[in-house]
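[1] Provided below for reference: sequence and predicted model.
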Amino acid sequence: MKLEHLAPYLPYKLKIKYVNILVMNAGQGSSLNWIGINAVIQRQGTKEGYISPLPILRPLSDLTKEITVNGETIVPADYCNGSYYFSEHDKWVWNKILSNDQNINKRITELPYFLITKLISWHFDVFGLIEKGEAVDINTI
């Protein structure tokens, strides 16, 4: 996963699932060291393990479902459709996204910045990371 895909979510309390533990050479000491977005764990007398974090995100198909964000229940599609900042083109793109258009990942880049930022703050997968196996679908946890 590229840091440029993870960084926009970080201000919004992104939850992470740790997976893919790989056993490496034996290590000494007992500490937890954070290196960037990865963690290296060492324990006395055990082997060192490498943990790969995956962000927990909502698929774009959840846009028409009720979600709870900061204690408030909303339907993102209804919330965004009520925006009077939408141009006719924005509404066309938004409706294509809601209909799960096959070019959804290309179309999302046509949305206005304020809407992409809102989707990111709600932890929607705007980069197609779930499909690539680089994120976890929140509905599978």
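    Perfect, I can see it now. Residues are numbered from 1 along each chain as shown.
[2] List of residues touching stretch 109-125?
    Contacts with stretch 109-125, where a contact means C-beta atoms under 8 Å, 6 or more residues apart in numbering, come from 8-9, 12, 14-15, 55-60, 62-63, 67, 69, 76, 80, 83, 85-86, 89-90, 93-94, 97, 108, 126, 131, 135, 138. Heads up, the C-betas are built off the backbone N, CA and C, glycines and all.
[3] Stretch 132-141 now?
    1, 5, 17, 54-59, 62, 123, 125, 129-130.
[4] Against residue 69, how distant is residue 106?
    Residue 106 sits 26 Å away from residue 69, going by C-beta to C-beta, to the nearest Å.
[5] Kindly report the same for residue 96.
    Using C-beta to C-beta, residue 96 is found at 24 Å from residue 69.
[6] same thing with residue 13?
    For residue 13, the distance to residue 69 - C-beta to C-beta - is 11 Å.
[7] what about the two, which has more around it?
    residue 69 (14 against 9; other C-beta atoms under 10 Å).
[8] on that earlier part again, what is the most widely separated pair among the contacts of stretch 132-141?
    Within the contacts of stretch 132-141, two members stand farthest from each other by C-beta to C-beta: 1 and 62, at 20.4 Å.
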